[in-house]
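K.L.:
Any chance you can model this:
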Amino acid sequence: YRIVNHYYLFGKRIKSYILLAQLHMILPILMETAYAFDGAIQAFAQGQPIGDGAGPLLVNRLIREKPCKKIEKDMIASELELNGRKVYALKAEGPGGNVGKPGDALKILIDSIKGNLSLVIMVDAGLKLEGDKSGDVIEGIGAAIGGIGTEKYKIEEVTTKYKIPLYAVIIKESLKDAIAPMTKEINDGVDKAIEHVKRIMTENTKEGDVVII
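P.N.:
The predicted structure follows:
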């Protein structure tokens, strides 16, 4: 409302039809955003899982009922074996929207295993473009994490220090998918992402190696 009102009143005051034309052009984008936040109200009010929780959901599916230990503020980790590799699965403690301190938690975890680590794989939800399909999975290199860049810097700093390869697995979704109750497409995308994670591990490590997800 404030953005629309700003363009309207400003355009009216300076008698600029160009500004009103701009408002007309961006209105569909504003409406999509408004509908996305409207859909998010129910999810947050009722504590439902949202699409942006795809990364933590993947880790949850890996650890199942295994015991977890607190690593850093709002961060937990669990030990498991996957495809013959020793895996440390790291995630925000939850429930809720607090992502904790993944950069600090990763550093503590790497230091605790004395740098004897072959691979780090990060999984996150990523904003899709128009024409992309929700739930599709893509791979990349580097820290898969949003925000202002502090955690991304910490993660890439510690992996660079120990010369540990850092892979990213991204589950594509729209803004509406990210903040509204999780859809079947995103849920299915998590299962696809698990297969990507397993393949990256198999291709880049050998049995007995240590991996952090």
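
K.L.:
which residues in this structure form strands?
P.N.:
69-72, 75-82, 85-92, 119-127, 137-141, 166-173, 210-212 (DSSP state E).

K.L.:
Single out the most deeply packed of these.
P.N.:
strand 166-173 (a mean of 24; mean count of other Cβ atoms under 10 Å). Using the backbone N, CA and C atoms, a C-beta is placed for each residue, glycine as well.

K.L.:
Sheet-wise, list the partners of that one with their directions.
P.N.:
strand 119-127 (parallel), strand 137-141 (antiparallel) (DSSP bridges).

K.L.:
Against Leu175, how distant is Lys161?
P.N.:
Distance, Lys161 to Leu175, by Cβ to Cβ, to the nearest Å: 35 Å.

K.L.:
which stretches of the chain form helices?
P.N.:
Per DSSP state H, the chain carries helices over the ranges 2-13, 17-46, 54-63, 102-112, 150-161, 175-179, 184-204.

K.L.:
Nearest to Ile71, out of the ones you listed?
P.N.:
Minimum separation from Ile71 across these (Cβ to Cβ) falls at helix 102-112, 4.4 Å.

K.L.:
Packing partners of that closest one?
P.N.:
When contacts are defined as 3 or more Cβ pairs under 8 Å, 6 or more residues apart in numbering; DSSP states H and E, helix 102-112 packs onto strand 69-72, strand 75-82, strand 85-92, helix 150-161, strand 210-212.

K.L.:
tell me the centre residue of the chain?
P.N.:
Asp124 (2.6 Å; Cα atoms, centre = their mean).

K.L.:
Who are the contact partners of that residue?
P.N.:
Ala54, Gly55, Ala144, Ile145, Gly146, Ala168, Val169, Ile170, Ile171 (Cβ atoms under 8 Å, 6 or more residues apart in numbering).
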